[in-house]
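Engineer: Kindly return the folded structure for what I paste below:
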Amino acid sequence: MKVSCIVIREAEVKCQLSDIVAEPNPTEMKKFLPCDNDGTHHLPFAVQVNHFTCGGIAIGTCISHKIADGSSFINFMKNWAATARCKSDAIYPQF
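Structural biologist: Below you'll find the model as predicted:
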């Protein structure tokens, strides 16, 4: 039985984050994602933390639709960010 896993990558980016934000190029931005060049991946969840020379970071993620739909993924990212900020503004499902 083959078990898929979650991948976490780190990348050093030899430019400043402001350079990317000032002139966003969708083709270039694919480099900041942990999935294949064609946008597909075969993992349930993958994360790439991109470290820029200015000290900024950008987190790229790819998630299988089998794991979460768009709304669930956005809630996960919001909760992850709230946890990183040590905030209690996390959103919890109402069952």
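Engineer: CA atoms for contacts and neighbours, from now on please.
Structural biologist: Fine.
Engineer: counting contacts, what elements does the biggest helix by length in the chain pack onto?
Structural biologist: Using DSSP state H to define each element, the chain has its longest helix at helix 70-84. Helix 70-84 makes packing contacts with no helix or strand when contacts are defined by 3 or more C-alpha pairs under 8 Å, 6 or more residues apart in numbering; DSSP states H and E.
Engineer: now it, how far from the centre of its chain.
Structural biologist: Relative to the centre of its chain, helix 70-84 is centred 11 Å away, using C-alpha atoms, centre = their mean, to the nearest Å.
Engineer: Repeat that for stretch 7-19.
Structural biologist: Its chain's C-alpha centre and that of stretch 7-19 lie 12 Å apart, by C-alpha atoms, centre = their mean.
Engineer: Report the mean confidence score over that stretch.
Structural biologist: What stretch 7-19 shows for mean pLDDT is 94.
Engineer: So what touches it?
Structural biologist: 34, 43, 45-54, 56-57 (C-alpha atoms under 8 Å, 6 or more residues apart in numbering).
Engineer: end to end, how far does that stretch reach?
Structural biologist: 27 Å (C-alpha to C-alpha, to the nearest Å).
Engineer: Which positions in it come out as buried?
Structural biologist: Neighbour counts over stretch 7-19 (16 or more other C-alpha atoms under 10 Å) mark 13, 17 as buried.
Engineer: The contacts of stretch 7-19 in strands, which ones?
Structural biologist: Under the assignment DSSP state E, the contacts of stretch 7-19 contribute 45-52, 57 to strands.
Engineer: Buried only: go through those residues for me.
Structural biologist: 45-52, 57.
Engineer: wait, which of these is closest to Met77?
Structural biologist: Val47 (11.4 Å; C-alpha to C-alpha).
Engineer: For that closest one, which residues are in contact?
Structural biologist: Contacts of Val47 (C-alpha under 8 Å, 6+ apart): 7-9, 33-34, 59-62.
Engineer: Of those residues, which is the nearest to Lys87?
Structural biologist: Distance to Lys87 across these (C-alpha to C-alpha) is lowest for Ile59, with 19.1 Å.
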